[in-house]
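Participant: Mind looking at a prediction? Sequence and model below.
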Amino acid sequence: MMKLYYGPGACSFVPHVTLEVIKAATGEDFEAQAVKLHKGEQKTPEYLAMNPLGLVPVLVEDGKPLTQIVAICDYLERRFPQAGLLPTDPWLRAQAMSTFAWMNNTVHPTFTHIYRPANFASGEAAQADVRQVGLDVFRSHLERIQGMAQKAAPFLFGDTPSFVDAYALVFLRWGGLVGIDPAGLPAYKAYVERLAAAPAVAAAIAREGIALETYKPK
């Protein structure tokens, strides 16, 4: 049985949803192990033996660990094509993977500039600048995703929730944490609420014990 190590509310939500979609479509079960990031469980010797970077997620199958969201989700989609995670048409599949890659290599790192500005600058003033620029750019990324959400029918690439959709949900939650009101992105918000109601997505949300709404007005 496959085992996923995840951090509640972290980017590991993406393969978590993917495994739930696969389970619903094929009956293939998996084990989910929460990693308490705030307690440093990702830095233990046992965890670092699986992922020396000390990050989530990690997917373990037959005793072998696989890291990185794109690699994990690509593996799962190829192994379980019957789950319908991506379009079967080669061009449409490539478009979905292009969006997924952009989310992983552009949107996600932009958020890191907001949440961990000390990784990119020293001194409070410089870090404040990094955070503000990151916030402005991240907001623009969410607006682009809103444009995609306006065309979702009902999800970004068809009738089945995919890891691309799961990443979009993560970003809207994260936006709320840094002060971006989802009410200002109505099409995106409605799409994420629709997505969260899908049984596979709802199951991952329930297991992680996370709230969909993270924005708190000041």
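Facilitator: Done, it's in.

Participant: only C-alpha atoms for contact and neighbour calcs from this point on.
Facilitator: Noted.

Participant: Outline the domain layout of this structure.
Facilitator: Domain segmentation of the chain under automatic domain parsing yields 2-83, 90-208.

Participant: Would you mind measuring the gap between the ends of the last one?
Facilitator: Using CA to CA, to the nearest Å, the end-to-end distance of domain 90-208 comes out at 33 Å.

Participant: Give me the mean pLDDT for it.
Facilitator: The pLDDT scores in domain 90-208 average 97.

Participant: try the shortest one
Facilitator: Mean pLDDT, domain 2-83: 97.

Participant: Now do the end-to-end distance for that domain.
Facilitator: Using CA to CA, the two ends of domain 2-83 sit 16 Å apart.

Participant: would CSV of the domains of the chain with mean neighbour count and distance to Lys218 be doable?
Facilitator: Converted to CSV, the domains of the chain look like this (neighbours: other CA atoms under 10 Å; distance: least, CA to CA, whole Å):
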stretch, mean neighbour count, distance to Lys218
domain 2-83, 18, 22
domain 90-208, 18, 8
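
Participant: Would you reformat the ones you listed as CSV and include distance to Thr214?
Facilitator: Listed next are these as CSV, based on distance: least, CA to CA, whole Å:
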stretch, distance to Thr214
domain 2-83, 11
domain 90-208, 5
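
Participant: and of those, who's closest to Tyr215?
Facilitator: domain 90-208 (3.9 Å; CA to CA).

Participant: Thr18 and Glu28, how far apart?
Facilitator: Taken as CA to CA, the span from Thr18 to Glu28 is 12 Å.

Participant: Confirm for me that Lys216 is in contact with Val178.
Facilitator: No - between Lys216 and Val178 there is no contact under CA atoms under 8 Å: 9.3 Å.

Participant: SS state for Arg144?
Facilitator: Three-state assignment for Arg144 (DSSP: H, G, I helix; E, B strand; the rest coil): helix.

Participant: do you know how far it is from Val21?
Facilitator: The value you get for Arg144 to Val21, if CA to CA is used, is 25 Å.

Participant: Ala196 too?
Facilitator: Separation of Ala196 from Val21 (CA to CA) stands at 13 Å.

Participant: With Val35 instead?
Facilitator: Distance from Val35 to Val21, by CA to CA: 21 Å.

Participant: Equivalent analysis for Glu77, please.
Facilitator: According to CA to CA, Glu77 stands 10 Å off from Val21.

Participant: Quick check: neighbours shared by those two?
Facilitator: 83, 85 (CA atoms under 8 Å, 6 or more residues apart in numbering).

Participant: what are the ranges of the strands in this protein?
Facilitator: Using DSSP state E, the strands assigned to the chain run over residues 2-6, 30-34, 58-61, 64-67.

Participant: what helices or strands is the second one leaning on?
Facilitator: Helices and strands touching strand 30-34, as assessed by 3 or more CA pairs under 8 Å, 6 or more residues apart in numbering; DSSP states H and E, comprise strand 2-6.
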